[in-house]
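> could you work out the structure for the sequence below:
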Amino acid sequence: MSTYESSRAAPYPEQHSRESNGHRNGDASLEWRDRTRIFLQPVAAPSILGLFGFASSTFMVAAFLAGWYGQKQGNVAVLSNLAPFCLFFGGLAQLLAGMWCYKARDGLGTAVHGMWGAFWMGFGILMILAGAGVLHLVATGAGGNQMVPFSYWFYTLAGLTGATFIVAMFKNAGVASVLFALACGSACVAIGYSTGVLTWTRVGGYALVASAGLAVYTATAMMLEESVGRVVLPIIRFPFTKREGMKPGEVLSRPQAYEQGMPGSRIGQ
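Here you go, the predicted model:
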């Protein structure tokens, strides 16, 4: 825990000017800043864990969908072996990261990691039950590649991930690129499972592999930035977000953010 006396100089010049004008004009609404003590609870960036958990599970399953391995064993035989890892790392760990994003006031991280963490938990449970013979996944079509009910998992995820991609464009290019590739890959896999056309599934698998790679890069960049205290791997925060971290070597600052409406608290990660 740490404390921050609000009587210190304002972190933003324009804010300091407004405060000075407010006191000269006798604005009582600003007087609380002279007497308030803020107790902060530091929170590490939860998306580091969330992105690593997402990337690991996505890469293993996407590599199978892309046809890199396991084609002779069949869907259930391969995916049931991956299911425990997906359930706990891609599912449980990522879901916890989403809830920690909620504590960090990061709505985008809460939505992305909560949504995909829940998906990987459901996927893991489904494949474990299918591998044990409790449930039976019925595949139809000429090549046995059509699973219409399962395709709607990915249609839903593609739509919701597309919405988070739009929001991520107002944060940074690293997260936005992950979500763009993820939305495209999910859409392709959904079309592949609903039509039974294997080419769509293969293309979706490659897009998901790209999303996993971008997630590893973004999480590593966030981890280095937090550990070193300066930008090492840029993730290109867009200028209109008014946040630091645009160039390699840039020192991060401004941990307090009065303009967000919660003095002493930094929004997001």
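> thought residue 168 was touching residue 108?
Yes - using CB atoms under 8 Å, residue 168 makes contact with residue 108 at a distance of 6.1 Å. For glycine as for every other residue, the C-beta is placed from the backbone atoms N, C-alpha and C.
> overlap in contacts of these two?
residue 175 (CB atoms under 8 Å, 6 or more residues apart in numbering).
> which of the two has more residues huddled nearby?
With neighbours defined as other CB atoms under 10 Å, residue 168 and residue 108 compare such that residue 168 has more, 22 against 19.
> mind listing what the closest residue to that one other than its chain neighbours touches?
Leaving out its chain neighbours, the residue that sits closest to residue 168 by CB to CB, 6 or more residues apart in numbering is residue 176, at 4.0 Å. Shown here is residue 176, whose contacts under the criterion CB under 8 Å, 6+ apart are 165, 168-169.
> out of these, the closest to residue 181 would be?
residue 165 (9.3 Å; CB to CB).
> distance of the closest one relative to residue 111?
11 Å (CB to CB, to the nearest Å).
> neighbour count for the two, which is higher?
Neighbour count, other CB under 10 Å: between residue 165 and residue 111, residue 165 has more, with 21 against 18.
> was I right about the more buried one contacting residue 181?
No - with contact defined as CB under 8 Å, residue 165 does not reach residue 181; the gap is 9.3 Å.
> okay, and the common contacts of residue 165 and residue 111?
What both residue 165 and residue 111 touch, as defined by CB under 8 Å, 6+ apart, is an empty set.
> quick one, what contacts residue 186?
154-155, 157-158, 161, 204, 208.
> show me the helices in the stretch 1-150 of the chain, by range?
Remark: helices assigned in the stretch 1-150 of the chain by DSSP state H, counting those that start in this stretch are 13-24, 47-65, 75-85, 94-103, 107-131, 148-168.
> avg pLDDT for the first one?
What helix 13-24 shows for mean pLDDT is 50.
> what does the longest one give?
Rounded to a whole number, the mean pLDDT of helix 107-131 is 94.
> orientation of that helix relative to helix 75-85 in degrees?
Calculated by axes from the mean of the first three to the mean of the last three CA atoms, to 10 degrees, helix 107-131 forms an angle of 130 degrees with helix 75-85.
> how about helix 107-131: buried residues?
Buried residues in helix 107-131, counted by 16 or more other CB atoms under 10 Å: 108-117, 119-121, 123-124, 126-128, 130-131.
> any idea how far residue 101 is from residue 110?
Counting by CB to CB, the gap from residue 110 to residue 101 is 4 Å.
> so how far is stretch 74-88 from its chain's centroid?
22 Å (CA atoms, centre = their mean, to the nearest Å).
> buried ones in that stretch?
So, applying 16+ other CB under 10 Å, buried residues of stretch 74-88: 75-76, 78-80, 82-83, 85-88.
> got it, and stretch 205-225?
205-223, 225.
> burial of the residue lying closest to residue 225 once chain neighbours are set aside, as a residue count?
Leaving aside its chain neighbours, residue 225 sits nearest to residue 231 (5.8 Å; criterion: CB to CB, 6+ apart). When neighbours are defined as other CB under 10 Å, residue 231 has 20 of them.
> any stretches of the stretch 1-150 of the chain with poor pLDDT?
1-42, 141-144 (pLDDT under 70).
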